[in-house]
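# Whatever this is, show me its structure:
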Amino acid sequence: MTLRLQYKQTSSVPVEVEGITPDALRDKDLAEIEQLAIYHGNEQLRLGELFSVSGDASDARLEWSGELAGVHWIGAKMTDGSVHIEGDAGRHIGSQMRGGEIHVHGNAGDWVGGEMHRGLIRVHGRAGHLVGSAYRGSPRGMTGGTILVDGDVGNELGHSMRRGLIAVGGNTGDLAAFNMLAGTILIFGTSGIRHAAGMKRGTLAFLGDSHPPLLPTFRHACRFRPDAMSLLLAELRQHDFDVPADVFAADYDLYNGDLIEGGRGEILLRTSAA
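Numbers count the residues shown, from 1 in each chain. The predicted structure is shown next:
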């Protein structure tokens, strides 16, 4: 049976629910869960003061509902189980998570999957800036796992990403794959500028009908059809992620860079683009 947490009010004051995860709640009854500490601004409150709590936590399935755009850190540091968010939600969804799944049936704020290690995050709407990225001053962003965003995302997608897969069905802002260490980013829409600056390794692929200008520190290597791309696209379809059929048969122009950082990274541009 699902444990349901419904936000009972609408407030301009942010709410932080770090630690309210399926694995942490599994062995607690409803009365214990209602007593757990959360923050409303700088004030510590009991979870039950802001959320209606119902259902059963034993199967590690947690459902959030209500006006959640100002509710932050949902699913942060979770290790297993599943989280389902009905509607829009705030920042830091799945931050540093180590397992399990998070499904956002709406839009998400900044820092989705910030420094995540394992697991799956699926956003069925838009997401903000710094998806899968490192926090300021940290050397690494996400080190594993999968983030799928059906809609648009903001700037600095995959900043300092170390490992894992990010796929964006919509458009992106500037500086995707900035300081990328390794991993894979697939972008199906249009994008901004200055992508992969400081890239050391990893793959950034643009699969849409138009391509961004590349930095002069990337050099064309060849045109080919990478075998790994078909495997990645098939994996996306297993998650019901929208992948156009013609992408499977496409060739790609490969550019290596950032040459300032050794030139071992790669940008792939689908050749059928205009």
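# Wait, L165 touches G202, no?
No - look at L165 against G202 with CB atoms under 8 Å: they stay out of range, at 10.7 Å. For the C-beta atoms, the positions are set from N, CA and C on the backbone; glycine is no exception.
# tell me, what's touching these two both at once?
Residues touching both L165 and G202 by CB atoms under 8 Å, 6 or more residues apart in numbering: G183, T184, I185.
# So which residues of the stretch 51-200 of the chain form strands?
Assigned by DSSP state E, counting those that start in this stretch, the stretch 51-200 of the chain shows strands spanning 51-55, 61-65, 71-72, 82-86, 98-105, 118-123, 143-149, 163-168, 184-187.
# need those in CSV with distance to R4 and mean neighbour count, can you?
Below are the strands of the stretch 51-200 of the chain laid out as CSV (distance: least, CB to CB, whole Å; neighbours: other CB atoms under 10 Å):
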stretch, distance to R4, mean neighbour count
strand 51-55, 5, 17
strand 61-65, 5, 21
strand 71-72, 14, 24
strand 82-86, 10, 21
strand 98-105, 14, 21
strand 118-123, 19, 23
strand 143-149, 24, 23
strand 163-168, 29, 24
strand 184-187, 34, 25
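# got a list of what S11 touches?
Contact partners of S11, counting by CB under 8 Å, 6+ apart, are H40, G70.
# what does G94 give?
Shown in contact with G94 (CB under 8 Å, 6+ apart): I74, G75, A76, M78, I102, V112, G113, G114, M116, G119, I121, I147.
# try G265
A177, M180, A196, M199, K200, R201, G202, T203, L204, N256, G257, D258.
# now, which of the shared contacts of L165 and G202 sits nearest S12?
Distances from S12 to the shared contacts of L165 and G202, taken as CB to CB, are shortest for I185 (33.9 Å).
# In contact with the closest one, which residues?
Taking CB under 8 Å, 6+ apart, we find I185 in contact with 157-158, 161, 165-168, 176-177, 202-205.
# Okay, and A228 sits in which element?
Using DSSP states H and E, A228 sits in helix 227-238.
# Let me see the residues that make contact with that helix.
Contacts of helix 227-238 from elsewhere in the structure, counted by CB under 8 Å, 6+ apart, are L148, L165, A167, T184, L186, A205, V243, V247, F248, Y252, L268.
# and the second one, how far is that from Q96?
Spelled out, that is L165. According to CB to CB, to the nearest Å, L165 and Q96 sit 17 Å apart.
# so where's the stretch 51-200 of the chain shaky on pLDDT?
Within the stretch 51-200 of the chain, not a single segment meets pLDDT under 70.
# just the helices in the chain please.
Using DSSP state H, the helices assigned to the chain run over residues 22-25, 30-34, 47-50, 227-238.
# Grab the CA positions of the helix holding A228 and hand them over as CSV.
Taking Å, rounded to 0.1, in the frame of the first residue of the first chain, the C-alpha atoms of helix 227-238 are listed here in CSV:
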residue,chain,number,x,y,z
ASP,A,227,26.9,1.1,-32.2
ALA,A,228,26.4,2.3,-28.7
MET,A,229,23.8,4.9,-29.7
SER,A,230,21.3,2.2,-30.7
LEU,A,231,21.7,0.6,-27.3
LEU,A,232,21.2,3.9,-25.5
LEU,A,233,18.1,4.8,-27.6
ALA,A,234,16.6,1.3,-27.0
GLU,A,235,17.2,1.8,-23.2
LEU,A,236,15.3,5.1,-23.4
ARG,A,237,12.3,3.5,-25.1
GLN,A,238,12.2,0.9,-22.4
